[in-house]
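**Student:** Curious how this folds, go ahead:
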Amino acid sequence: MATETTERQGYFAGWTLKKGGIIAPTERPPWGQSIFLGLQHVLAMFGATVLAPILMGFDPNTAIFFSGIGTILFFLVVGGRVPSYLGSSFSFIAVVLAATGFASGFKGPGLNLNISVALGGIIAAGVVYAIIGIIVIFTGYRWIDYLLPPVVTGAVVAVIGLNLAPTAVGEALTSSFDTIMAIITILAVAAIAVFAPGPLRRLPVLLGGIIGYLLYLLFANGFGLGKAIDFSVVANANWIGLPNFTAPTFSGNAIGLIAPVAVILVAENTGHVKAVAAMTGSSLDKYLGRAFLGDGLATIIAGFGGGTGVTTYAETVPLH
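**Tutor:** The predicted model follows:
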C-alpha cells in the first residue's frame, strides 16, 4: 500500500531523490533510471498520439509537435505537481469526423481537407475546458467529486483506453507469425514486470518492446519467417520534418458538435489524477483546477496550429 508523502512548499514542486519503492509526484528516481523511464514513456504514448490524428486525417507530425508544447505548458501550469503527459485525445475522433464530413471514417488519401473546421471546434472545447478549470481553482474540487464519482471517471478512462484494443488486435492478427510475435512481446512485458530485479522492473514496456523487436528482426529479417523490416524507409526519411500548420475556421455546427467533448476530458483528467493518488498515496485533488486549465490551454494552442485536441494519458501514469 502507498504511504503518504510530505509535500514540498512553493509553486514548483521540486523533486527529492528516491532510489526505491513508490515514487511520489514530488520525488524522482536516480538520473539513470529517469532517462530510461523517459524512453519508456515515449514508447508507451507514441502509438496513441500518432494513431488518433491518422484516424481523423490530421498530420501526425503536427500532432506530436503540439503534444510536446502542450505537455510543457501543462507542466508549468500545474507547477510540476501532476505527473501527466498530454497526447492526442480519442474523445475527439467521432465528432471531428462528423464535423468534417467523414462520419463513416476517414479513408484518405492525404490529409483531411476540412481540418480547419474541426480546429475551430477543438479551440471551443479547449475554451470550455479552461473555463471549467478556472471555476474549480476558485470554488474548489468537491463538486467535481459529486458530479463525477470515481466509478464514472474510472469507467471513462477504461473505455477510452479500450478503444485502442481493436487496432492492436487487428495488427496482431495480420498473420500467424505476427500473432506469435505479439504474444511473445506481451509475455516478455509481463515477465519483466513480475520477475525482473530491482530498477528493471520499472521498465516492462521498454524492455519488453526491445525483446519483441529483436526477436522479430531475427526471425523475419534473418530467417524469413515474416515480413522483413524495411530499413530503406528509415534511411530515406528526413532527419528533420516541420509540422504542417493549419489555421482554424469557426463554424457553429462544428463548435456545437465538438465543444461538449470538454466534459469528457474533465472526467478523463480527473480519473488520471485519482489514479496517481491511489498509487502513490499523494492526493492531488487540490490541483484538479490547474490540471483542467493546463489541458484546456494546451488544446486551444493545438487548435490554432493544426494539432489534435489533447488530454492527459493514463498510459504513462503507472510506469514509475
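
**Student:** Start from the N-terminal end of this structure and give the helices.
**Tutor:** Applying DSSP state H to the chain gives helices spanning 31-56, 60-78, 93-99, 115-139, 142-147, 150-162, 165-172, 176-195, 204-216, 231-236, 252-258, 261-280, 288-305.

**Student:** Highest mean neighbour count out of the ones you listed?
**Tutor:** For those, the stretch with the most neighbours on average is helix 288-305, a mean of 25; neighbours defined as mean count of other Cβ atoms under 10 Å. All C-beta atoms are positioned from the backbone trio N, CA, C, and that covers glycine.

**Student:** and this structure, what are its domains?
**Tutor:** The record's domain split for the chain, according to automatic domain parsing, is 34-164+249-320, 176-226.

**Student:** can you redo these as a markdown table with distance to residue 238?
**Tutor:** Output for the domains of the chain, formatted as a markdown table (distance: least, Cβ to Cβ, whole Å):
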| stretch | distance to residue 238 |
| --- | --- |
| domain 34-164+249-320 | 10 |
| domain 176-226 | 23 |
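
**Student:** And these: which comes nearest residue 242?
**Tutor:** If you check each of the domains of the chain against residue 242 by Cβ to Cβ, domain 34-164+249-320 wins as the nearest, at 7.8 Å.

**Student:** Can you give the distance of the closest one from its chain's centre?
**Tutor:** Centroid separation between domain 34-164+249-320 and its chain, computed with Cα atoms, centre = their mean, to the nearest Å, is 8 Å.

**Student:** Below-threshold pLDDT in the chain: ranges please.
**Tutor:** Per-residue confidence of the chain (counting by pLDDT under 70) places the weak regions at 1-9, 13, 161, 164, 314-320.

**Student:** Looks like residue 106 contacts residue 113 (just checking).
**Tutor:** No: the pair residue 106 and residue 113 fails to qualify as a contact (Cβ atoms under 8 Å) at a distance of 10.3 Å.

**Student:** Among the two, which residue is more densely surrounded?
**Tutor:** Here residue 106 and residue 113 are set side by side on neighbour count (other Cβ atoms under 10 Å), and the busier one is residue 106, at 19 against 10.

**Student:** quick one, what contacts the residue nearest to that one when sequence neighbours are not counted?
**Tutor:** The shortest distance from residue 106 to any residue that is not its chain neighbour, by Cβ to Cβ, 6 or more residues apart in numbering, is 4.2 Å, and that residue is residue 57. Applying Cβ atoms under 8 Å, 6 or more residues apart in numbering to residue 57 gives the contacts 100, 102, 106, 108, 110, 111, 112, 115.

**Student:** Report the contact partners of residue 184.
**Tutor:** By Cβ under 8 Å, 6+ apart, the residues touching residue 184 are 211, 212, 215.

**Student:** okay, how far is it across stretch 51-67, tip to tip?
**Tutor:** The stretch stretch 51-67 measures 13 Å between its terminal residues, going by Cα to Cα, to the nearest Å.

**Student:** scratch that, stretch 144-153 is what I was asking about
**Tutor:** Its start and end residues considered, stretch 144-153 measures 10 Å (Cα to Cα).

**Student:** can you check stretch 104-119 too?
**Tutor:** Where stretch 104-119 begins and where it ends lie 19 Å apart, using Cα to Cα.

**Student:** Can I get the buried ones among the contacts of residue 57 as something I can paste into ChimeraX?
**Tutor:** One line in ChimeraX is enough to select the buried ones among the contacts of residue 57; burial here means 16 or more other Cβ atoms under 10 Å:
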select :100,102,106,111,112,115
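
**Student:** how about residue 211, what does it touch?
**Tutor:** In this structure, residue 211 makes contact with 184, 185, 188, judged by Cβ under 8 Å, 6+ apart.

**Student:** at 10 Å what do you get?
**Tutor:** Contacts were defined as Cβ atoms under 10 Å, 6 or more residues apart in numbering; by that measure residue 211 touches 184, 185, 187, 188, 189, 191, 192.
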